[in-house]
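Enquirer: mind looking at a prediction? Sequence and model below.
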Amino acid sequence: MLRRRLFALAPVLIGAVAVVAACAASKRDPRFPKRGPGCSLSIYHNLPEVKEWDDIGLVQVDCYLDESEVICLSRLRAEACRMGGDIIYNVPTKALRPVERGMIYRGNVAHTRIAKKQDDTPAATDAGSSSGPIEPLAPAAGAVVPIAPITDGGGQ
């Protein structure tokens, strides 16, 4: 009797484990960690004015007309920060109005790429330090090393 109940509950338990595993799996890119809601963002109505960026994804906020456009845009900014972006581009100048009492702002979230240094030569340092390997100041094999004469006569 107990076995029948366990076999009847098996598909439900397997399904629950699958749902928990799917929710626990992170689809976030570790290069773009979440940022706070007041993070600094650059908003562009067309393409960004930076040379290189990585697209993170689309961001969309739905707002009621009772809310102002400023509040709706601040929700868009907070969502882009949560996604880890520092750029929102392709944002319309006016909100989209798909329904009578609502508006939508939509855009692409991206993160600026850090420019890699092209010059691989070491930077200039102060004269006392060296960035090369340490070389001992030992005489070469077979070289005669002069010994300094004792000047105090060996007395104590």
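Expert: Received, thanks.

Enquirer: show me where this protein has helices.
Expert: Ranges of helices in the chain, per DSSP state H, are 2-24, 69-83.

Enquirer: which of the ones you listed has the lowest average pLDDT?
Expert: Here the helices of the chain differ in mean pLDDT, and the lowest is helix 2-24 at a mean of 45.

Enquirer: if I look at residue 47, how far off is residue 90?
Expert: 8 Å (CB to CB, to the nearest Å). C-beta coordinates here come from the backbone N, C-alpha and C atoms, glycine included.

Enquirer: ok, now residue 108?
Expert: Going from residue 108 to residue 90 by CB to CB gives 5 Å.

Enquirer: more neighbours: those two, which one.
Expert: Applying other CB atoms under 10 Å to residue 108 and residue 90 shows that residue 108 carries more neighbours, namely 20 against 14.

Enquirer: so that one makes contact with residue 92?
Expert: No: judged on CB atoms under 8 Å, residue 108 makes no contact with residue 92 at a distance of 11.9 Å.

Enquirer: where does this protein dip in pLDDT?
Expert: 1-28, 115-156 (pLDDT under 70).

Enquirer: now with 90?
Expert: The model of the chain has pLDDT under 90 over residues 1-38, 42, 47-54, 67-68, 95-100, 112-156.

Enquirer: and the strands in it?
Expert: According to DSSP state E, the chain carries its strands in the segments 42-43, 53-64, 87-89, 102-112.

Enquirer: could the ones you listed go into a markdown table alongside distance to residue 72?
Expert: Listed next are these as a markdown table, based on distance: least, CB to CB, whole Å:
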| stretch | distance to residue 72 |
| --- | --- |
| strand 42-43 | 13 |
| strand 53-64 | 4 |
| strand 87-89 | 13 |
| strand 102-112 | 6 |
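
Enquirer: winner for burial among these?
Expert: strand 87-89 (a mean of 23; mean count of other CB atoms under 10 Å).

Enquirer: tell me the strands beside it, with direction?
Expert: Strand pairing for strand 87-89, using DSSP bridges, gives strand 42-43 (parallel), strand 102-112 (antiparallel).
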